[in-house]
Structure formats: structure tokens, C-alpha cells
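1. Next comes the sequence, and after it the predicted model I'd like to discuss.
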Amino acid sequence: MKVTDVICHVVQSKVEKPFTSARGWLYTTRASCLVEIRTDEGVTGWGECYGPAMVNKTIIETQYRSRVIGRDPFDVEVIWEDLYNRIKDYGLTGMTICALSGIDIALWDVMGRAVNKPIHKLIGGAHRKELVAYATGLYFIDMNRLVEEAVEEALAYKEQGFRAVKMKIGLGDPKLDIRRIAAVREALGDGVQLAVDANHCFTVPQAIKLGREMEKLDLLWFEEPISPEDHEGYVEVSRALDLAVAGGENDFTRWGFRDVIAKKAMDIVQPDACAAGGISECRKIAALASAHGVECVPHAWGSAIGLAATVQFLAALPDTPPAFRPMPPMLEFEQTPNPLRDHLAKEPIVQVNGIVRVPDGPGLGIEVDLAVLEKYRVA
């Protein structure tokens, strides 16, 4: 089997109700670069890249495509190393790795379809057939009803059966943050876990001060409290708090995670399969984390393709630590409106009472609806 083409599809949908986080960027559209890899045996695989879609498309078409065509998809890690070394002088992190991630995921999809096995069977097998999902939401929408809207949204997720929720914080007023978190925590009750995500908006002292207040609220974790570049700062925050600290969605490859994990700068690392280097590299990052007793709970944001890749990866992750009644890694199920997530797959990945079944079809386990792809394709 040989790769005959690598095609990038840029898809975009409008956000009917714009939202923002502590980063201050107003989301008015959702877009992604989807990677289609075709082979001479008629097998096609799909991948997704995290980040600005047109940038990913340009990188793939100018730097990677010609080096993938003609290769055997089953040489997936050989291809990975070749592409990484192609851009090593100027692309150790960031968009070049995001673009590489989409290719890697598509190659794994090809391999799974070629042998009629889901990806989790190719990377070690399923530790679990079902995943506990947590709802990511509670962004800032109505700035005059920040507390009320957060409570209403959280209760809606509880009603849907979610057993865990992650909310956005970082409003520039720590007292308002605490009031908002406390209101959501009280509304959810003891049966639903709550995590918070600051999108790296605090300094180290601010994060520690706020974290000490949040310790009283029985939270699951404190995500991205400070800037992702400040690994030593993460060590300070993690050591200062009796609250799990999470991060890593802005880190790339095993080398980017190596020192973070070795220093235990975070209690939970969150590589994104569509950003950190694809399934090939996320496996290595997870192995590093396991060797150091650090949890791995992947970040997920994107279309049905990225979600499916995350589900396949999570199915093959062992419990950390193993236990009689373990706490398995959860699936991030982002809940802002996104037709690329909800309609791109002919049979979408859904949650029922907070549980997502791991697809057992070949490759990613989903079939891309080409009519939906064409509806939202802009390039």
C-alpha cells in the first residue's frame, strides 16, 4: 500500500452565540484543517490539525505533502521522524507540529481501515470500552449575568447526565471568580465533579492566592493557571496547593513534555492529539507520564475527527495509578455549539448519562459525511 495523495480541507462554521474566555478572544466562528490521505488500494484516512486552519493547510502542502506521497502508511513512525526532521531547524513546536499531527492521525486511520481494526487495537488494546466524559463549557457570554448563566449552563449539563463539568475562570476579579465557582459548585451538588480552567491568565502569586481559596470548594483540578512557557512557575504553583494542577495543551512532542513531567510541574498533563504530534507522539508522552506517576488526561477541541482520535487514544491509556477501583482518565467533551463536531460523522460520537462508548469500527471508528464536509468547506 502506498499513499497517493494528501488533501487538506478547511472547514468553518459560524457561532450563533459568540463566547470568550480569559484570553479575551471572541469566538465567532469554528474552523479546522482536516487531512485526507488517499492510498493506491482505495483506503482513505482522516486526521485533524489544531489551530489556524489555513496555516496548517499551507504547512502541509508546502513542507510535508511531497514527503508523504509514495510512502507506506504502515511506516507511520518512520514518516513522523522524517517530517519532524524536515522542519527541525525552525519548527520544533507550534503550528508545524499541529500540521504533522493531522497527518499522523490520518495515517493511523488508514492502517486501522486496512486491517479492519479500530486504532485502539493497534496501539495496545482497550483498557475500557466506555469513557467517562466531562462537559467543557461555562465560557463568558453575557457579561451582566456571569454567575447566573454559569449556574444555568452547569445545571443543564447535570440534567444531561454529565458527572463532571469544567468551567472557565479568569475574569480579572478574583472575588467574582470565587463567587462564580462557588455558585456552580453548590448548584451541581456532591454528585458532579467540577474543574476550572484559567487559560493561563494568572501570575504565579495570583494563581497560588486564588488556588488556596479554591481548595475549599472541592475541585477536580486547576487547569492552566499560568503561562505555558513558565515550567518553573508551574512547579511553584503545584507545590503550593493542595489542589491538582493541570496543563500541557500548549506543549508539543515528547521533548516539550519531558522536563514538565520529570519535574512533576503538573499533576495532570493534557496533550492534544491534534496538536502535540498526533497519536504516535501522544503515546510517548503518556508513557513518560506513567513512568513518573503523572496523570494523562488529553485535551480535546475540534471536529468529530479530532474527538474520535482522542477517544481511540483514551481507550488505550492505562489507569494511573492502577487500583481496585481506579479513576480512569476522562474524555473532554467540549460543549460549545459546533456542527463540525456534531454532524461531520455519519454516526456522531455522543454521550449518554455522561458516558461515551468507544467506537469499535475500523480506524477512528467514524465515517465522514462528505455532504456535510462540502457544506462547511471553505478551502
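-> Happy to help now that I have it. Numbers count the residues shown, from 1 in each chain.
2. So what would you say the end-to-end distance of stretch 316-324 is?
-> Distance between the two ends of stretch 316-324: 18 Å, counting by C-alpha to C-alpha, to the nearest Å.
3. buried ones in that stretch?
-> A316, L317, P318, T320 (16 or more other C-beta atoms under 10 Å). Bear in mind the C-beta positions are built from the backbone N, C-alpha and C, glycine included.
4. What's the mean pLDDT across it?
-> When pLDDT is averaged along stretch 316-324, the result is 90.
5. With stretch 361-368 instead?
-> On average, stretch 361-368 scores 98.
6. what about it, distance to the chain center?
-> 18 Å (C-alpha atoms, centre = their mean, to the nearest Å).
7. That stretch: which residues count as buried?
-> By 16+ other C-beta under 10 Å, the buried positions in stretch 361-368 come out as P362, G363, L364, G365, I366, E367, V368.
8. re earlier: now, among the buried residues of stretch 316-324, which is nearest to R179?
-> When those are compared for distance to R179 (C-beta to C-beta), T320 wins out at 33.9 Å.
9. Quick check: the farthest pair among the buried residues of stretch 316-324?
-> A316 and T320 (13.0 Å).
10. Tell me where the protein has helices.
-> Applying DSSP state H to the chain gives helices spanning 53-59, 65-68, 76-86, 95-115, 119-122, 146-160, 174-188, 204-214, 231-240, 253-262, 278-291, 304-315, 339-342, 370-376.
11. Of those helices, which stretch is the most buried?
-> Highest mean neighbour count of the helices of the chain: helix 304-315, a mean of 29 (counted as mean count of other C-beta atoms under 10 Å).
12. Output it as PDB, nothing but the C-alphas.
-> Extracted C-alpha coordinates of helix 304-315, given in PDB (Å, rounded to 0.1, in the frame of the first residue of the first chain):
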ATOM      1  CA  ALA A 304     -15.700  14.900  15.000                       C
ATOM      2  CA  ILE A 305     -12.400  13.700  13.700                       C
ATOM      3  CA  GLY A 306     -10.300  15.100  16.500                       C
ATOM      4  CA  LEU A 307     -12.800  13.900  19.000                       C
ATOM      5  CA  ALA A 308     -12.700  10.400  17.600                       C
ATOM      6  CA  ALA A 309      -8.900  10.400  17.700                       C
ATOM      7  CA  THR A 310      -9.000  11.400  21.300                       C
ATOM      8  CA  VAL A 311     -11.500   8.600  22.100                       C
ATOM      9  CA  GLN A 312      -9.300   6.000  20.500                       C
ATOM     10  CA  PHE A 313      -6.200   7.200  22.300                       C
ATOM     11  CA  LEU A 314      -8.000   7.300  25.700                       C
ATOM     12  CA  ALA A 315      -9.300   3.800  25.300                       C
END
